[in-house]
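Asker: here is a sequence together with a model predicted from it:
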Amino acid sequence: MASAEAAGTQARRHEFSNAYEMFILVLTVLSLAVMVMLVLPLPDATKTLLTIYDNLICIVFLGDFVLRIRRAPTAGTYFFHERGWLDLLGSFPSLGIFRYTGLLRLARLSRLARIFRLLGGQRKREILDDVLTHRGQYAVFVTIMAATVVLVVASIVELSFEANAPGAGITTGGDALWWAIVTMTTVGYGDFYPITAGGRITGVFVMFMGVGIIGALASILASLLVSPGSSGSDETAGEPGREPVGDAAEEMAGGAAAPVMAGAPGDAGQPAGRTSLATADSSTSVEDELRAIRAELEALRQTLASRPDS
């Protein structure tokens, strides 16, 4: 029994959260897109920017490899049984002796297939329940990932349009990234701006996406700053003055004053209602008071009439 529990605990430690697996999935798809763009006939400045992004992704993948091999039951289980060696091959950056390891990027397809297998099949319902339960966490994840993808894609596309255009100001990867950040945050310094039709269309896309991303971040920050129990406390604070009235009404309807006046109809409990109304609302009108007294007298008369003569 103890060994089974230990095995279950070890298996849970080996598993990663769905949000983390989705993060690696999106990053893997983005890296494959970058890999394809590196073989296209693009300007040299664009390829330089693509190489920088690819190396940054490789660093993240190397960290993921180390994390997975440390959390695996045994290093051999992950490295051989789960094909961790393919993850390692696809994580080498294009630097120094690894400069000609572009074909090794195809090993990332193994990582992509494994994550699809983990997130698919019978776990779809579990993932949906997890998303619904932790909506705030997934909102933060989706917003950050959307911002990252927009920055990467926008800077690459913008540089592709502007790099070789006569009189263009966005001619390097750093300029393109700075322009994407400034445009997405809707700041718009104006130090770099597109002059080609394709670059301006890309700018419009980044502006619209930036408005949505900044709005989402603002709403997430507002939800974090607001106390979770504030709305409930406000509702509860407004009720005490009204709850006695509701309780008195239920007692009047159900004849809860029977121990005092047996056989009395629903309005026999009106005195309690009068007391609650007097304490809850000091501005009760004279007409309401007269109506309550009239109902009380009517209830008392019916009660006396229903008693047998002694």
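Answerer: Looks like it came in fine.
Asker: let me know the distance separating residue 173 from residue 46.
Answerer: 8 Å (CB to CB, to the nearest Å). C-beta: built from backbone N, CA, C; applies to glycine.
Asker: what is in contact with these two at once?
Answerer: Common neighbours of residue 173 and residue 46 (criterion: CB atoms under 8 Å, 6 or more residues apart in numbering): residue 159.
Asker: same drill for these two, tell me which one is more crowded.
Answerer: Taking other CB atoms under 10 Å, residue 173 and residue 46 do not tie; residue 46 has more neighbours (24 against 21).
Asker: what residues are up against the more buried one?
Answerer: Neighbours of residue 46 in contact, by CB under 8 Å, 6+ apart: 37, 156, 159, 160, 163, 173.
Asker: okay, the first one: pLDDT?
Answerer: On the pLDDT scale, residue 37 is placed at 88.
Asker: residues in contact with the one helix or strand it maps to?
Answerer: Assigned by DSSP states H and E, residue 37 belongs to helix 18-38. The contact list for helix 18-38 (CB under 8 Å, 6+ apart) reads 46-47, 50-51, 53-54, 57, 60-61, 64, 102, 105, 108-109, 111-112, 115-116, 118-119, 126-127, 130-131, 134, 137-138, 141, 145, 149, 152, 156.
Asker: quick one: buried ones out of those residues?
Answerer: 46-47, 50-51, 53-54, 57, 61, 64, 105, 108, 111-112, 115, 118, 127, 130-131, 138, 141, 145, 149, 152, 156 (16 or more other CB atoms under 10 Å).
Asker: ok, residue 78 to residue 72 distance?
Answerer: Residue 78 is 4 Å from residue 72, by CB to CB.
Asker: next, residue 145: phi, psi?
Answerer: The phi/psi pair for residue 145 (degrees, to the nearest 10) reads phi -70, psi -40.
Asker: report the separation between it and residue 223.
Answerer: Distance from residue 145 to residue 223, by CB to CB: 19 Å.
Asker: what do you get for residue 73?
Answerer: In terms of CB to CB, residue 73 sits 38 Å off from residue 223.
Asker: could you do residue 47 as well?
Answerer: 42 Å.
Asker: cool, residue 290 as well?
Answerer: 50 Å.
Asker: same question, residue 132
Answerer: 16 Å.
Asker: same thing with residue 119?
Answerer: In this view, residue 119 and residue 223 are 26 Å apart by CB to CB.
Asker: same question, residue 158
Answerer: Residue 158 is 33 Å from residue 223, by CB to CB.
Asker: settle it for me: which of these two has more neighbours?
Answerer: A count of neighbours by other CB under 10 Å puts residue 158 above the other of residue 158 and residue 223, at 30 against 12.
Asker: which SS class is that one?
Answerer: Classification of residue 158 by DSSP: H, G, I helix; E, B strand; the rest coil places it in helix.
Asker: doesn't residue 200 make contact with it?
Answerer: No: Residue 158 lies out of contact with residue 200 (CB atoms under 8 Å); the separation is 9.7 Å.
Asker: state the helix or strand in which the residue nearest the centre of the chain lies.
Answerer: Geometric centre of the chain, nearest residue: residue 139, 2.0 Å, by CA atoms, centre = their mean. Element membership of residue 139, judged by DSSP H and E, is helix 135-162.
Asker: for the next helix-or-strand element following that helix, packing partners?
Answerer: Counting by DSSP H and E, the next helix or strand C-terminal to helix 135-162 is helix 173-184. On a contact count with 3 or more CB pairs under 8 Å, 6 or more residues apart in numbering; DSSP states H and E, helix 173-184 meets helix 44-71, helix 135-162, helix 197-225.
Asker: avg pLDDT for the longest one?
Answerer: Per-residue pLDDT values over helix 197-225 give a mean of 89.
Asker: and the first one, by the same measure?
Answerer: For helix 44-71, the per-residue pLDDT values average out at 90.
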